[in-house]
Every structure is written in structure tokens, then in C-alpha cells.
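> missing the sequence, but the structure's below:
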């Protein structure tokens, strides 16, 4: 297991409700891949969304995001944290 | 006050010790700008570092990072979080 930060672009105008819906959709199926999405942060102006997760691999994170209709543009393992 | 996610690139090979030192340097002077750096996550392989902070502005975040020798490449306000 590792920690991952993934980035979604092009989400200009995303609302709090839409962010919450997307996050809940991920949470609903995350166990299928052994992933847990801990947090998501969104900048509606630039359309950037960051998601922090614990997962067995970047591919596992992406499979969940793909199934819920919002594939990530970048997924970085972030083994270091403070 | 708002929440900000900033991104540093080109930090390939960053170690846990270096990440901690950089974070501690920011913490030591953050009050000068009314900023608080909550967390930082690093991907040594791609050289990407993400910092999450509470701050009065993106400029305030950048002034702290500049004074500690590591200006951010991107700073996004992230008013939405789950």
C-alpha cells in the first residue's frame, strides 16, 4: 500500500455538491480495488481537483476514477509526507 | 483566509529529511504572513511536491516559500474540500 496524489484538470466551475458526489461515487466502489480516498480539494476557477488516497497502485486508483466517470490526468505516488 | 494547494516541480530525489527540513523552515516563518502549512507530500521519482496551507492569499504562500528558498511553480486556491 502507498499514498497517492492524483490530479484532474478541466473541471472549471465544479461545485461543492459535484465534488462531494464524485467523492461519494469513488468511496462507494473503492474497496473493489483496495483503495481509500482520504480527501479531495478543488479549485473551480482553474478547474483543478486533487485527490489523496491510500492504494495498492496508481492503476488501482485510476480504475476507480474511470468507473465513476472521472479519470485522473496525473497520478503520483507520494511516499514522503509531513 | 482560504486553503491553498501549491506544487513544486524539479525536486527529483528529494529525501524524507529534506522534505521535513523544507517544511520546518516554512513553519518557522509562516506567521509573518499569516500562513499555516498543514501538510506536504512528495514524489521523489517525478520530483513533485504538494503543499496544503491555510493563508490569506496565494501571494502570502509564495512569499514564505521564496524566503525559504523554494518558490512554488503553481499555487491554487482550493475553496472546496471533502
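Nice, I can see it. No experiment lies behind these values; they were computed from the predicted model shown.
> Could you check the host helix or strand of residue A:54 against chain B for contacts?
Following DSSP states H and E, one finds residue A:54 within strand A:48-55. Yes. Strand A:48-55 reaches chain B (C-beta under 8 Å from any C-beta of the partner chain) through A:48, A:50, A:52. Every residue, glycine included, has its C-beta placed from N, CA and C.
> That strand vs strand B:48-55, what angle?
110 degrees (axes from the mean of the first three to the mean of the last three C-alpha atoms, to 10 degrees).
> hmm, back to that, now list the buried members of the residues of strand A:48-55 next to chain B.
A:48, A:50, A:52 (16 or more other C-beta atoms under 10 Å in any protein chain shown).
> who in chain A is up against chain B?
Counting by C-beta under 8 Å from any C-beta, chain A sits next to chain B at A:3, A:5, A:14-16, A:19-20, A:23, A:39-46, A:48, A:50, A:52, A:76-82.
> Could you tell me which of these belong to helices?
A:16, A:19, A:20, A:23 (DSSP state H).
> Name only those of those that count as buried.
So, by 16+ other C-beta under 10 Å, the buried ones in these are A:19, A:23.
> Could I get the ones in helices among the residues of chain A next to chain B in CSV, plus columns for pLDDT and distance to residue B:60?
Listed next are those as CSV, based on pLDDT from 0 to 100; distance: C-beta to C-beta, whole Å:
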residue, pLDDT, distance to residue B:60
A:16, 98, 24
A:19, 98, 25
A:20, 98, 28
A:23, 98, 28
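> pLDDT added to the residues of strand A:48-55 next to chain B, as a markdown table?
Formatted as a markdown table, those follow (pLDDT from 0 to 100):
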| residue | pLDDT |
| --- | --- |
| A:48 | 97 |
| A:50 | 98 |
| A:52 | 98 |
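> ok so, going back, give the next helix or strand downstream of the strand holding residue A:54.
Following strand A:48-55 in sequence, per DSSP H and E, is helix A:58-67.
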